[in-house]
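Chemist: predicted coordinates and the sequence they were generated for:
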Amino acid sequence: MKRLILALTLIAFAAPLGGCFETFQAINGFAVTQGELDGARNAYDGTALPALAGYARLPRCAKGTAFSINNRCHDAAILKRFRTDDVSVADAFNKVQDAITSGNNSGAIAAWNTLQTALAAVKKIIADNNLTAI
């Protein structure tokens, strides 16, 4: 009964206390595994990195034009944002790996959530600019 009351109390306070969400996940046994990290890294390496490399190899778009199926070129601002977000993803992958290696489960959960945000930013760039067509 005491555990039920404790769990309900944690649930009630977990939402308003954003920084405590990772702690709540760790208490409830959520863990980021090496397999999950490797799967995410392989998926990223197989989808986002080829899109980035292909987009970077295209010639720069002429002033006033944009990338399309018929006009295969890259926009310098989009390429810069893509590369910046790629660095953020790589840093997030490293932080998750460090936390897993050191056995810091709550740190791994926090880093995993940061990684998911970074991956979402890259996915948005790819989708918004139709970079899957490269």
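Modeler: The structure has been received and is ready for your questions. Numbering: from 1, shown residues only.

Chemist: find the nearest non-adjacent residue to the residue sitting nearest the centre point of the chain, please.
Modeler: With distances taken as C-alpha atoms, centre = their mean, the residue of the chain nearest its centroid is Leu119 (2.4 Å). Spatially, and ignoring its direct neighbours in sequence, Leu119 is nearest to Val89 (6.1 Å; C-beta to C-beta, 6 or more residues apart in numbering). (C-beta placed from N, C-alpha, C; glycine too.)

Chemist: neighbours of that neighbour, just the number please.
Modeler: Residues near Val89, counting by other C-beta atoms under 10 Å, number 22.

Chemist: any idea how this structure splits into domains?
Modeler: Domain segmentation of the chain under automatic domain parsing yields 1-30, 32-133.

Chemist: and those, which is most packed in?
Modeler: Burial of those is given as mean neighbour count (mean count of other C-beta atoms under 10 Å); domain 32-133 ranks first at a mean of 15.

Chemist: what is the mean pLDDT for that domain?
Modeler: Mean pLDDT, domain 32-133: 91.

Chemist: and the residue nearest to the centre of the chain, how far from Thr84?
Modeler: The gap separating Leu119 from Thr84 is 14 Å, by C-beta to C-beta, to the nearest Å.

Chemist: cool, and Leu58?
Modeler: Taken as C-beta to C-beta, the span from Leu58 to Thr84 is 18 Å.

Chemist: after the longest helix seen in the chain, next one along is what?
Modeler: Criterion DSSP state H: the longest helix present in the chain is helix 76-102. Using DSSP states H and E, the helix or strand that follows helix 76-102 in sequence is helix 105-128.

Chemist: which helices and strands sit right next to that following helix?
Modeler: With contacts taken as 3 or more C-beta pairs under 8 Å, 6 or more residues apart in numbering; DSSP states H and E, helix 105-128 sits against helix 21-27, helix 34-57, helix 76-102.
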